[in-house]
Each structure stands twice: as structure tokens, then as C-alpha cells.
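# All I have is the shape, not the residue letters:
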């Protein structure tokens, strides 16, 4: 995959140079242009066709928010001293992928650039259609479950999860299968998956003789 092309926009020439240096030190990123006004930023997007714009809000000729609305087909990471909630909200509404408040350490920008690169890589790895768990990971949803193993379906997984959750007690694979209308083997596969992803736990029940019975309890 080729380097991610970056346009740095800041009214302060020295700050733009510093930010460009930060970007250049992150593997996989390349600064293709800098701009110091809103009009120059819009023109640079059209000419340089960057993948990502590091955009300041306080520009001499127009607000960076106006620039954000004027450019399309390019991702924007806002970098600004503006910390008022209306500005942050407007940047989010305008489609900014992230927002970094000045002043900041180089590591803070590096972290956001690496996060952006990971998201691009995940998107490029998707097929023509995305599943809900794919989307959850892209949007950084806490607790998003990993992709289901081959042969398991999301709908059936949620059915087993609901059965276990609503039981309010530990269930065996056979009991789960009976309640969910599945085969015992199928129910056990889903129960094991829920345990692997931390949504359920295995609770062996020891009898007087023989192997312990495997029982499962919902943990959420």
C-alpha cells in the first residue's frame, strides 16, 4: 500500500513546518503540500489530492470549518487551539475523523495518524459489503466482538446469547439447545464462542462420578 498523502494547513508557517515534521516521522505517511489560508487549502486539495488534511480552525481568510464544508472526497483531522464545544460539534458534523487540541505532544499526533492508518487498512480489507461487527470495529465501539468463526451466524449467536441471558442461571448445552430450538452440538459451539469472547463463562458441575458437566452462565 502506498504512503498516505497529507496536506498540512496552518496559518503559522513555523507551526505548519513542525506539524509536517511530525507527520514525516510516522512510517506510511507523506506530506505532499502545506497551506496557510483557507483559500490556499481548498486549492491545494484540488491540486495535490491528499488522502488526509490536517486542518487548523483559525485561518486568516475564513474559518477552518468553512474549509471543511468546501472540500470533499478527503478525510480531515482538525488540529486547533479552539476547544469550545460548538466548534468541536461542528467539526464532527462536518465529517472530521478526529480532533486534536493545541498544544500537544508529537506522540499525540502520531497516535491519531496510526489509528487513521489502521482504519484505512481495515476498510480496504472489507469485501463489497460490511457486517455489523466490521462496522463496530471501524467506529471503535467498545466491546465490539471479533468476527464470528466460519460456520457460525450472527443471528443464531444472538439467539443463544439471549437464551442464556434470559435464563438467569447456568445452563448446559442440552438445556440451551432445547430452549433455543437448536441441536446440542450447534448450541455448544455458540456457547464456547461466547465464552471465548468473554460474554459467558464455563462453570463445571462435578457429580459423584465421571466427567464434570459443562454448564454456561451469561456474563455480558
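Yep, it's here. Everything quoted here is computed from the prediction, not taken from an experiment.
# give me the element residue 112 is part of.
helix 106-125 (DSSP states H and E).
# Could you list every helix and strand that the lowest-mean-pLDDT helix or strand in the chain packs against?
In the chain, no helix or strand scores lower on mean pLDDT, DSSP states H and E than helix 132-138, which sits at a mean of 71. Applying 3 or more CB pairs under 8 Å, 6 or more residues apart in numbering; DSSP states H and E, one finds that helix 132-138 makes contact with helix 106-125. C-beta here means a position set from N, CA and C on the backbone, and glycine is covered the same way.
# Other residues contacting the helix it packs on?
Outside helix 106-125, the residues within contact range by CB atoms under 8 Å, 6 or more residues apart in numbering are 1, 4, 19, 22-23, 25-26, 28-29, 51-52, 75, 77, 79, 97-98, 100, 134, 137-138.
# Show me how far it is from its chain's centre.
The gap between the average C-alpha position of helix 106-125 and the chain average comes to 9 Å, counting by CA atoms, centre = their mean, to the nearest Å.
# Please apply the same query to stretch 8-25.
Per CA atoms, centre = their mean, the displacement of stretch 8-25 from the mean C-alpha position of its chain is 26 Å.
# Now do the buried residues in that stretch.
For stretch 8-25, the neighbour count (16 or more other CB atoms under 10 Å) marks 8-11, 15-16, 19-20, 22-23 as buried.
# Kindly reformat these as TSV containing distance to residue 68, secondary structure and pLDDT.
Compiled in TSV, those are given as follows (distance: CB to CB, whole Å; DSSP: H, G, I helix; E, B strand; the rest coil; pLDDT from 0 to 100):
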residue	distance to residue 68	secondary structure	pLDDT
8	15	strand	98
9	10	strand	97
10	14	coil	97
11	15	coil	95
15	19	helix	95
16	17	helix	96
19	17	helix	96
20	20	helix	96
22	21	helix	95
23	19	helix	96
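# And these, which is closest to residue 40?
Nearest to residue 40 among those, counting by CB to CB, is residue 9 at 7.9 Å.
# can I assume the closest one is in contact with residue 54?
Yes. Residue 9 is within contact range of residue 54, at 6.4 Å (criterion: CB atoms under 8 Å).
# Please identify which of the buried residues of stretch 8-25 is nearest to residue 33.
residue 8 (7.6 Å).
# Run through the residues that contact the closest one.
Per CB under 8 Å, 6+ apart, neighbours of residue 8: 16, 19-20, 23, 31, 33-35, 54.
# Just give me the closest of those residues to residue 104.
residue 19 (9.9 Å).
# one step back: okay, buried residues for whichever helix or strand comes after the least confident helix or strand of the chain please.
Moving toward the C-terminus from helix 132-138, the first helix or strand encountered (DSSP H and E) is helix 154-167. Buried positions in helix 154-167, judged by neighbour count with 16+ other CB under 10 Å: 156-157, 159-161, 163-165.
# Adding pLDDT and distance to residue 114, write those out as JSON lines.
Output for the buried residues of helix 154-167, formatted as JSON lines (pLDDT from 0 to 100; distance: CB to CB, whole Å):
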{"residue": "156", "pLDDT": "89", "distance to residue 114": "36"}
{"residue": "157", "pLDDT": "89", "distance to residue 114": "31"}
{"residue": "159", "pLDDT": "90", "distance to residue 114": "38"}
{"residue": "160", "pLDDT": "92", "distance to residue 114": "36"}
{"residue": "161", "pLDDT": "90", "distance to residue 114": "33"}
{"residue": "163", "pLDDT": "92", "distance to residue 114": "40"}
{"residue": "164", "pLDDT": "90", "distance to residue 114": "37"}
{"residue": "165", "pLDDT": "88", "distance to residue 114": "36"}
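# Brilliant, that's me finished.
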